[in-house]
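Participant: What shape does this take:
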Amino acid sequence: MTDRRIRGATRRLPLRTRLLVAFLVPLVLVLALVGIVSTAALRAELVDQVDARLEDVTFRSKNYDRQPGYDGPPRRADGPGADPDDPGGPVFLYARGQGEGTLGVRMVEGNVVQSGVLGPRFGVTPLSSAQQAQLAGVPVDGEPRTVDLGGDLGEYRVVAVSEPDRDVLVNGLPLTSTSAAVANLVTVEVLVGLLGLGAAAGAAVLVIRRTLRPLARVAGTATRVSELPLSSGEVRLVERVPPQDTDPRTEVGQVGTALNRLLDHVEESLAARQTSETQVRQFVADASHELRTPLSSIRGYTELVRRQGGELPAQVGHAVGRVESEALRMSALVEELLLLARLDAGRELSTEEVDLTALVVDAVSDAHVAGPDHRWQLELPDTPVLVPGDPARLHQVVANLLANVRAHTPAGTTATTRLCTVDGWARIEVVDDGPGIPPHLRGQVFERFARGDSSRSRTAGSTGLGLAIVHAVVTAHGGTVAVAGLPGGTMFTVRLPHATHPPGED
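Facilitator: Presented below is the predicted three-dimensional model:
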């Protein structure tokens, strides 16, 4: 689980950060490995040198009394009560060639009888009991070993050898200079490594930034295209990845080339869609216009038949009534299609000052007459609300919303129409307590020929264009329309801009 989280966090990092980490982590590991290996090699070399010197020290200690010109250890007479014949330490420490810091211990039958460290002017520093015990445990095999004597002595390289009389000599040399050299090397490696790592990180940032700059330009092109309105109307995609970022020999260039091909394909598809939509709209407009004349003729002939003298047979009268009602329904459908075609073509509506208060009152009154089995309520502000627009089309908006309630809710449903102003916008709400619209159908109610499901009963025929006309007219006025589901009901909200009150009224 932890590894998965780490991988997930790594994927969320920006590409430049991941590239920088991928470059710096191996570099740090290489620098650390080189530092460790070089430090270990230096220490091993310095210890070998100490071991070589220690071998000479051991040889001089075993043969101190056989060296040419040796006449015994020097005499000490410094300090009150000092014995001038006592050298103060193992006599082999005074062999010719022994240097300052040389350690010597003589053991007889496992007991330390003499010990000390040679100091300046043939002075000898005695060893503590703990140090003597530690040196007494060194194996007598002639192999050098490192022991930490603590205190001022620190680490020593020591070797224990036996003499013919079974006495044991322990000699040692300090590793102080070796440790200091290693510490200096580590300090230099850390400083130089940090400087090199900083320089490498700076160079890597510059290179990565310059390398990814074309990718940023490609992303910028894609972002600008994503902000274009592509849902409707004629669309021309002028955005393209610049030629310098479409070199197929580079990975970024391949991405830029692919994006340009995609944009070309999208532009061609949008152009084909626009051409097809234009042809369909033109066909609908032409067909609607051409159908108005024959439908008017049919309605005229049915009216002429009814005005003729004499009573028509029952079947003939019923057929004439059906022809007349269907002609009326088709005429309404044709008018709605023609209106939508004109709105799609972008034809401007007539604009004058419209009193929404009076308009809403008239629409609700008409709905009350057309649907007496519903309860119609009205909530109006204290002052009239004025907006610029086409009064006939705005009346059609409110009438269609109320007709939608009447057609898709059962008898006894209460429909409330509210009018108010909010921040310069006129707000019309039509709320009913009917069965409501299923959530999966709310996004389709403003589509043409959309139908509700069977839960919203239909007592009258419907073309499925009423709410589509509402949406088209409101949009043409620069407003918005939305539908929302309520607990036990539905609310349609229309917002129209530039709402005002009559001069001199609050």
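Participant: looking at this, Leu237 is in a strand?
Facilitator: No. Counting by DSSP: H, G, I helix; E, B strand; the rest coil, Leu237 is not part of a strand but coil.
Participant: Run a quick neighbour tally on the nearest residue to it once chain neighbours are set aside.
Facilitator: Spatial nearest neighbour of Leu237, excluding adjacent residues (C-beta to C-beta, 6 or more residues apart in numbering): Glu267 at 4.4 Å. Just so you know, the C-beta spots here come from the backbone N, C-alpha and C atoms, and that holds for glycine as well. Residues near Glu267, counting by other C-beta atoms under 10 Å, number 18.
Participant: which other helices and strands contact the helix or strand where Ala332 lies?
Facilitator: According to DSSP states H and E, Ala332 maps onto helix 314-344. Helices and strands touching helix 314-344, by 3 or more C-beta pairs under 8 Å, 6 or more residues apart in numbering; DSSP states H and E, are helix 251-307, helix 466-476.
Participant: how close does the residue nearest to Leu237 get to Val255?
Facilitator: 19 Å (C-beta to C-beta, to the nearest Å).
Participant: Correct me if wrong: Gly371 contacts Asn404.
Facilitator: No. Contact criterion C-beta atoms under 8 Å: Gly371 and Asn404 do not qualify, at 11.2 Å.
Participant: Ramachandran coordinates for the residue nearest to Thr351 when sequence neighbours are not counted?
Facilitator: Computed as C-beta to C-beta, 6+ apart, the closest residue to Thr351 that is not its neighbour in sequence is Pro388, at 5.3 Å. Taking degrees, to the nearest 10, you get phi -80, psi 140 for the backbone angles of Pro388.
Participant: Which residues does Pro388 form beta bridges with?
Facilitator: Glu353 (DSSP bridges).
Participant: what about it, neighbour count?
Facilitator: Around Pro388 there are 15 residues (other C-beta under 10 Å).
Participant: Quick check: pLDDT value at it.
Facilitator: In this prediction, Pro388 carries a pLDDT score of 92.
Participant: Verify the stated contact: it with Leu356.
Facilitator: No. Counting by C-beta under 8 Å, Pro388 stays clear of Leu356, with 11.0 Å between them.
Participant: Could you count how many residues lie near Leu328?
Facilitator: 14.
Participant: I meant to write Val397 there.
Facilitator: 29.
Participant: okay, the angle between the helix or strand hosting it and helix 466-476?
Facilitator: Using DSSP H and E, Val397 sits in helix 391-408. Going by axes from the mean of the first three to the mean of the last three C-alpha atoms, to 10 degrees, helix 391-408 is angled at 150 degrees with respect to helix 466-476.
Participant: what's helix 391-408 packed up against?
Facilitator: strand 352-355, helix 356-370, strand 414-422, strand 425-432, helix 466-476, strand 489-497.
Participant: how far out from the middle of the chain is that helix?
Facilitator: Put simply, helix 391-408 sits 46 Å off its chain's centre (C-alpha atoms, centre = their mean, to the nearest Å).
Participant: Next, the angle helix 314-344 makes with it.
Facilitator: Going by the same axes, to 10 degrees, helix 391-408 makes 130 degrees with helix 314-344.
Participant: Could you check how far the residue nearest to Leu291 when sequence neighbours are not counted is from Thr211?
Facilitator: In space, and not counting its chain neighbours, Leu291 is closest to Val334: 4.9 Å by C-beta to C-beta, 6+ apart. Distance, Val334 to Thr211, using C-beta to C-beta: 63 Å.
Participant: Looking at those two, which has the bigger crowd around it?
Facilitator: In this view Val334 and Thr211 are compared by other C-beta under 10 Å, and Val334 has more residues nearby, 20 against 14.
Participant: That one and Ala392: what is the separation?
Facilitator: 17 Å.
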